[in-house]
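Asker: pasting the structure only:
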Ligand code: ADE
């Protein structure tokens with residue numbers, strides 16, 4: 001997968017992209033990442049890429065020209081799937097991460113300041129917001145999207161980091177996990193997990209997943225695939241709440 005990121009803060013990506021799982025994905029040639037500074041494309045003598053908002057207002061707006069010229073400098077940019085990070089968009093989720101992970105060439109434009117000239121939207125496929133809060137820059141959102149997408153690509157995570165059982169993939173939050181020591185600061189690992197009884201462990205984990213989803217994210221439960229055993233557990237949880 002090729003990923004191009006357009007930003008005026010390329011330094012915000014260097015460390016992240018060349019660390020950890022991303023570094024491994026690049027070294028294994030699973031991803032080919034290019035960071036572009038669209039300031040390099042400004043025609044302004046003072047190197048500015050922003051200007052005042054037509055109609056007035058305090059914030060500065062990124063001009064469409066440097067962004068579009070930068071976009072056009074990317075090979076095959078027209079065929080790529082192009083997204084822009086902005087709070088004015090549908091909210092990102094795991095389903096969208098899975099969709100993006102199947103794309104061959106992804107271009108992410110980082111929004112900034114008060115926004116980018118609206119006319120740039122005619123050149124992108126969609127805007128993506130990562131949540132109901134305002135960031136100082138779209139770079140943070142781009143990094144979130146980048147990380148959540150690359151970890152889904154085949155060969156990026158090892159077997160031990162498998163994505164099957166995790167939160168959101170099945171619309172249930174993950175069960176609690178423990179590692180050594182068995183007793184930490186007087187707190188013991190739940191008995192069942194050291195029992196060696198795999199069926200009981202499976203049931204306990206499912207119960208905990210349902211409990212946590214019920215407690216923190218009831219909205220997800222509506223989308224989760226629930227079997228008869230799950231439904232019984234939920235009926236009990238509802239009774240306990242009353
Ligand atoms: N830029 C500023 N806030 C943002 C958000 N919540 N998501 C994506 N881009 C943003």
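Answerer: Thanks, I have it. The shown structure was predicted, so the numbers you read here are calculated from the model rather than taken from an experiment. Numbering: from 1, shown residues only.

Asker: Any part of stretch 54-63 near the ligand?
Answerer: No - contact of stretch 54-63 with the ligand (C-beta under 6 Å from any ligand atom) is absent, the minimum separation being 11.9 Å. Any C-beta I mention is one placed from the backbone N, CA and C, and that applies to glycine too.

Asker: check contacts around residue 221.
Answerer: Listed by C-beta atoms under 8 Å, 6 or more residues apart in numbering, the contact partners of residue 221 are 171, 172, 213, 214, 234.

Asker: 10 Å - rerun?
Answerer: 171, 172, 173, 210, 213, 214, 230, 234 (C-beta atoms under 10 Å, 6 or more residues apart in numbering).

Asker: Please name the spatially closest residue to the fourth one (chain neighbours excluded).
Answerer: Translated: residue 210. residue 233 (5.1 Å; C-beta to C-beta, 6 or more residues apart in numbering).

Asker: Any figure for the gap between that neighbour and the ligand?
Answerer: 35 Å (C-beta to the nearest ligand atom, to the nearest Å).

Asker: Now that residue: which helix or strand?
Answerer: Per DSSP states H and E: residue 233 is located in helix 228-241.

Asker: Touching that helix from outside, list them.
Answerer: With C-beta under 10 Å, 6+ apart as the contact definition, helix 228-241 has outside contacts at 172, 203, 206-207, 209-211, 213-215, 221, 224, 226-227.

Asker: right, and the helix or strand after the longest helix along the chain?
Answerer: Ranked by residue count under DSSP state H, the longest helix found in the chain is helix 198-216. Next helix or strand after helix 198-216 toward the C-terminus (DSSP H and E): helix 218-221.

Asker: in that next one, what's buried?
Answerer: The neighbour-count check on helix 218-221 (16 or more other C-beta atoms under 10 Å) flags 220, 221 as buried.

Asker: What of stretch 190-203?
Answerer: The neighbour-count check on stretch 190-203 (16+ other C-beta under 10 Å) flags 193, 201 as buried.

Asker: which residues sit against it?
Answerer: Against stretch 190-203 from outside (C-beta under 10 Å, 6+ apart): 175, 176, 177, 178, 182, 188, 204, 205, 207, 208, 229, 233.

Asker: how does it look with 7 Å?
Answerer: 178, 182, 204 (C-beta atoms under 7 Å, 6 or more residues apart in numbering).

Asker: Which of the residues you listed ranks first by neighbour count?
Answerer: residue 204 (18 neighbours; other C-beta atoms under 10 Å).

Asker: So that one versus residue 198, what's the distance?
Answerer: Remark: distance between residue 204 and residue 198 (C-beta to C-beta, to the nearest Å) = 11 Å.

Asker: sorry, back to before: next, the angle from the helix holding residue 233 to helix 198-216.
Answerer: Interaxial angle of helix 228-241 relative to helix 198-216 (axes from the mean of the first three to the mean of the last three C-alpha atoms, to 10 degrees): 50 degrees.

Asker: what's the offset of helix 228-241 from the middle of its chain?
Answerer: Distance of helix 228-241 from its chain centroid, counting by C-alpha atoms, centre = their mean, to the nearest Å, is 31 Å.

Asker: mind listing what's buried in it?
Answerer: 230, 233, 234.

Asker: And residue 40, how close does it get to residue 33?
Answerer: Taking C-beta to C-beta, one finds residue 40 at 17 Å from residue 33.

Asker: Please apply the same query to residue 150.
Answerer: Counting by C-beta to C-beta - residue 150 and residue 33 are separated by 9 Å.

Asker: One more: residue 27?
Answerer: 11 Å.
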